[in-house]
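# Pasting the sequence and the predicted model now:
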Amino acid sequence: LEQGKNTSQEMSTFMVRSLAVVLALVSLGNTQLIAVQAPAVPLFAANPYTSWWLPCSSPTLCWPNHVLGDRPVGLTAMIRVDNENFRLLGPECTADVPEMPSLGLPRVSLTRTVFMFGARGVQVNMTFAMPRFVDDPDTWQPYTYLFFDVLSLDGRLHQISLYLDASAQLAVNEDDENVVWAREMWLPNATSMRIGTAAQKAFGIGADGAPLPHINWGWLRLTVPKHQPNVTSTAWLGSANVARLQFASQGSLPLGDETVMPRPACSAATNHTCTCGPGGRGAQNDWPAMTTLFQFFSKPRIATRALTVLSYDDLGLSHRFFGVELPDYWRREGASFEEMLTTAVTQAQSQLALCLEYEVALLGIIKQVGGETYEALLAISYRQALAAHHLIWYGGQLGGKTPAGPLLFAADIADTGNTASVVFSFAASPLFMWAQPALVAAVARPLLMFMTNETYLPGGSHGRQFFFDQPFSTHHLGIYPLSELQCRASGRPDGITPCIDMPIEATADLILMLSAASLRTRDFSPITTYQLLLDKFVDYLVDNGLDPAVQPTIDTWQGSLAHNANLALKAILAIASYAQVCTALNRPLLAQRLTRVAGRLALEWRVHAFSNSTRNYMRTYDDAASWSIKYNLFWDRLLQTFLFTDVINHECAFYSSSTVRFQYGWRTDSSADSPSDVGWLAWMSAVCDHAEMTDIFSRLSQYLTHTPTLAPFPDTFDPVTAAARAPHGRAQVGGLFAPLALLAERFPYPTWRGTAGEEMGS
């Protein structure tokens, strides 16, 4: 460990790594943590707005960044060990504060990201933990714990000072927005600070007419429990540069909060990166932040822990749905943010224990199904799949037949920003089907409310003036966080938010997801409540599904195609799924008719889709040389319709050929620029066999290791070069749970604690 005197030298001796393993196992219970080489790892991923990642291999090499990849933010951690300073988080901003050497790659699990460091006889573990469990919607809350665990490895006491700041950049849309800050006195056993914009204008609209890409209302909060064992803490509000310089020179924080405000979130920024230097009010590099300092002695054998909680309070203004401002799901019974945060602070240790319990329960099953590589892929994708959604509570404000209940909005925020689209959640549906099928109804409910005209108000505004009368499902309801049909509003430039129709894609997605979820839960109320509409949509698929007209799909690189064989597959399987639902609902005549239709269309599909020249199934019926991955066959296996068993066998044999298979994955179709898609690869490889599945997981792991694109798990990429394509940070990675959804009877989602998910249907 004395090699740490030269802090640029890697600490890679056997002794150091052995000590790191011992600490991980004994001190922190990190048996479920996996060393992951990924283009970005999650720090605070709560929803599409509040989603912050580290896009580098070490936390001292770059600033954390928003999921969009456009917003580096000041989030800094430093440590002083016996009067010698090191950085733990953030690049060099204060002179003569070198990085503390990392002990290997970040460790990632379903709910935690851990960075491990060592120098001067101590080891430091920095843990971001979010106790968010897919089966328990009350845990979908916007906070993360940040634990610092420090252990003496040389048998000596060491004097430790730990510094952390969180800048106002996390609470603004633009760096030049004025911010204000304050201490809060509502929590007697903790120091809580907040920072946010002076304007506090919710649901703002940008110059392009679209909602702002970053939240700039509400408060970023930093909360520090006062009575932590063997640890003292202080806090300060003001310029981050001032605080960092004082810590580096004296190991302390300034006295007395800065009180002159408002001030810009970042006075001088280049590509959103603020300037380091003296700082302070009026300086060109002023950088307001919330700051805390911990002081203690590190001891041998038992790690000393310091804790803080980083949270974001959107003031209950989480989503605007046809003019109605709706809160997060966890607020549905009137809980205030202060109450939620008080519970989070007082139960921090037990919540961390729950994280460990959850990971032990799930990762044990995951490893049985797909091995260690699969375990690592799900560890890095789980929080991303959830954070690409926002779980909202609807209280019945619009009237109509839809009762109060949860609404789950997916947002493709790194691309179009479109929200309330079943298409975006479709790829992630295996996660929900395995763990919490009731979430599928929450995805569909906003669309169904609009399409049954519960939102319609003649002469209304905020999208309520639009009457739905299409024979197929709409694609989306707006741009996050506004579901107000902005693309239909008169006078809007066409280039901002075009109304995209994906008639068969969106309609079949809706039918498949609702049917599969209802059949699993045996709760058919999402079907019966909207039965007339869904019957109409199935009729549309019967009339138009076998030979789709020119139209786009979720595979946007294909453009708009006619005669799309994979799209037709989806339509046929949606008809078959609805037949199963009708059987369960004692509608025998319709069930029999749809079963016959699905069987007839499946036979006709084979005639249309098979190429006699290549002896393969085509991408489009009119291109004999084409092919495509028929990933929608996943639903044939999931629903056990057995309509395409021979097609599955033929397709799986074809995918083993060099035509499809490349170093990092399979091409999705025969077009020259066809990418690989993480979700579809997982779906189809799970349909094939265990060998194909593990092969794909190995290739995806190599892709994450070698991609030059530093962003949250980009789901679409070149299988030859590993170069990712925009967008990234999407729900698509939830498709990696496909094997678990297919094997749910053999490997059911574990009952890991007693009451999780009981209220999801209410």
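Yes, it's here.
# can you list the weak-confidence ranges in this protein?
When residues are selected by pLDDT under 70, those of the chain lie in 1-32, 269-272, 280-284, 489-498, 754-762.
# centroid residue for it?
Against the mean C-alpha coordinate of the chain, by Cα atoms, centre = their mean, the closest residue is residue 384 at 2.3 Å.
# tell me the contacts of that residue?
Listed by Cβ atoms under 8 Å, 6 or more residues apart in numbering, the contact set of residue 384 reads 42, 45, 712, 713, 729, 730, 731, 733. Backbone N, C-alpha and C define where each C-beta goes, glycine included.
# contacting residues around the fourth one?
Going back to what we said before, that points to residue 713. With contact set as Cβ under 8 Å, 6+ apart, residue 713 has these partners: 38, 39, 40, 380, 381, 384, 678, 704, 728, 729, 733.
# before we move on, back to that, in which helix or strand does the residue nearest to the centre of the chain reside?
Element membership of residue 384 [criterion: DSSP states H and E] is helix 348-387.
# what's the closest residue to residue 399 other than its chain neighbours sitting at in phi/psi?
Closest residue to residue 399 apart from its sequence neighbours, by Cβ to Cβ, 6 or more residues apart in numbering: residue 454 at 7.2 Å. Backbone torsions for residue 454, taken as degrees, to the nearest 10, come to phi -70, psi -20.
# swap in the one 3 residues further on?
Summarising the backbone geometry of residue 457 under the convention degrees, to the nearest 10, its torsions are phi -140, psi 110.
# Without its sequence neighbours, what residue ends up closest to it?
Leaving out its chain neighbours, the residue that sits closest to residue 457 by Cβ to Cβ, 6+ apart is residue 464, at 4.1 Å.
# which SSE is that neighbour in?
Assigned by DSSP H and E, residue 464 falls within no helix or strand.
# Residue 77 too?
Assigned by DSSP H and E, residue 77 belongs to strand 75-81.
# on contacts alone, who are the packing partners of that strand?
strand 84-89, strand 122-129, strand 143-152, strand 158-167, helix 240-250 (3 or more Cβ pairs under 8 Å, 6 or more residues apart in numbering; DSSP states H and E).
# who's in contact with that strand?
Residues external to strand 75-81 that are found in contact with it (Cβ under 8 Å, 6+ apart): 43, 52, 59, 63-64, 85-90, 93-94, 97, 100, 119-122, 124, 126, 148, 150, 158-167, 170, 240, 244, 247-248, 251, 298.
# now those residues: which count as buried?
Among the contacts of strand 75-81, those buried by neighbour count (16 or more other Cβ atoms under 10 Å) are 43, 52, 59, 63-64, 85-90, 93-94, 97, 100, 119-122, 124, 126, 148, 150, 158, 160-167, 170, 240, 244, 247-248, 251, 298.
# circling back: let's have the helices and strands packed on strand 75-81 in a markdown table, adding distance to residue 552.
Output for these, formatted as a markdown table (distance: least, Cβ to Cβ, whole Å):
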| stretch | distance to residue 552 |
| --- | --- |
| strand 84-89 | 42 |
| strand 122-129 | 38 |
| strand 143-152 | 37 |
| strand 158-167 | 41 |
| helix 240-250 | 46 |
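# Going by neighbour count, list what's buried in stretch 166-178.
Within stretch 166-178, the residues that count as buried by 16+ other Cβ under 10 Å are 166, 167, 168, 169, 170, 171, 172, 173, 174, 175, 177.
# quick check, nearest of these to residue 474?
residue 173 (28.3 Å; Cβ to Cβ).
# No more questions from me, cheers.
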